[in-house]
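Trainee: 3D, please:
(3 chains)
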Amino acid sequence: MNSSKRHEIFSRLQAANPHPSTELEFDGAFQLLIAVLLSAQTTDVAVNKVTKVLYALAPTPQAMLELGEEKVRDTIKTIGLYRTKAAHVIATCEALLNTFGGEVPQTRAELESLPGVGRKTANVVLNTAFRQPAMAVDTHIFRVSNRTGIAKGKNVREVEDKLVKYIPKEFLLDAHHWLILHGRYTCKALKPQCSNCLIEDLCEYKAKAL
DNA sequence: AACTCGGGGCA
DNA sequence: TGCCCAGAGTT
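Mentor: Numbering: from 1, shown residues only, chains lettered A, B, ... in the order given. As a prediction, this is how the structure comes out:
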């Protein structure tokens, strides 16, 4: 995969979806942080159901602590891993207040210091809330990157580094959303929709599969 | 590197 | 019924 091919791929994805965004529902960096924290191994539809209620009950870190872990747990109990996530939400809000003045920090190291926030979550917040050039590689992006040849790697870290390095700068901020949506709806794990794919002719997977 | 958390959605 | 889902922390 050469650079002109990558440019063409992202040009097409951009033309089809000029203003991509996460499917998680949020308003502001704090809500996004909570939403992504809750989304581990859980579909965004399920997350949106509980965050809608949770944000109304607790729109700020202070309000979240006043609400308390029991109520948070009860509010999010319809999603997976809810006990761990409720504890992480409370612990993260405590850290936001005690260490970061109630604001969501804007560096990866600081974000990763928050309980329940790993590299992937930190990168999503950096990219989506703060528009910094970070790539958060999940299973969708890992699969799409390797199949198409946009960035091949044995682990997510390797793919992440190559994506940041190889994706043309003008596309990098939105590339996260294009790739993840492409992986979910077209380049699916089990039944890839190659016949409906915008970049079929540029993809190494298609070339190899047929 | 393997293990655990975990209810909902879908085949 | 079985398998997967926008992962992270612990051992």
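Trainee: show me what contacts the residue nearest in space to the middle of chain A?
Mentor: The centre of chain A sits closest to residue A:124, judged by Cα atoms, centre = their mean, with a distance of 4.5 Å. Counting by Cβ atoms under 8 Å, 6 or more residues apart in numbering, residue A:124 touches A:22, A:32, A:36, A:134, A:136, A:176. No exception for glycine: its C-beta is placed from N, CA and C like everyone else's.
Trainee: make it 6 Å
Mentor: A:36, A:136 (Cβ atoms under 6 Å, 6 or more residues apart in numbering).
Trainee: near DNA strand B, anything from the host helix or strand of it?
Mentor: Here residue A:124 is covered by helix A:119-124, with elements defined by DSSP states H and E. No. For helix A:119-124, no contact with DNA strand B is found by Cβ under 7 Å from any atom of the strand; the gap never falls below 13.6 Å.
Trainee: and that helix with DNA strand C, contact?
Mentor: Yes. Judged by Cβ under 7 Å from any atom of the strand, helix A:119-124 and DNA strand C are in contact via A:119-122.
Trainee: kindly indicate which of these lies nearest residue A:201.
Mentor: Using Cβ to Cβ, residue A:120 comes nearest to residue A:201 of the residues of helix A:119-124 next to DNA strand C, at 30.8 Å.
Trainee: quick one: the residue nearest to the centre of chain A and residue A:35, what's the gap?
Mentor: Using Cβ to Cβ, to the nearest Å, residue A:124 is found at 9 Å from residue A:35.
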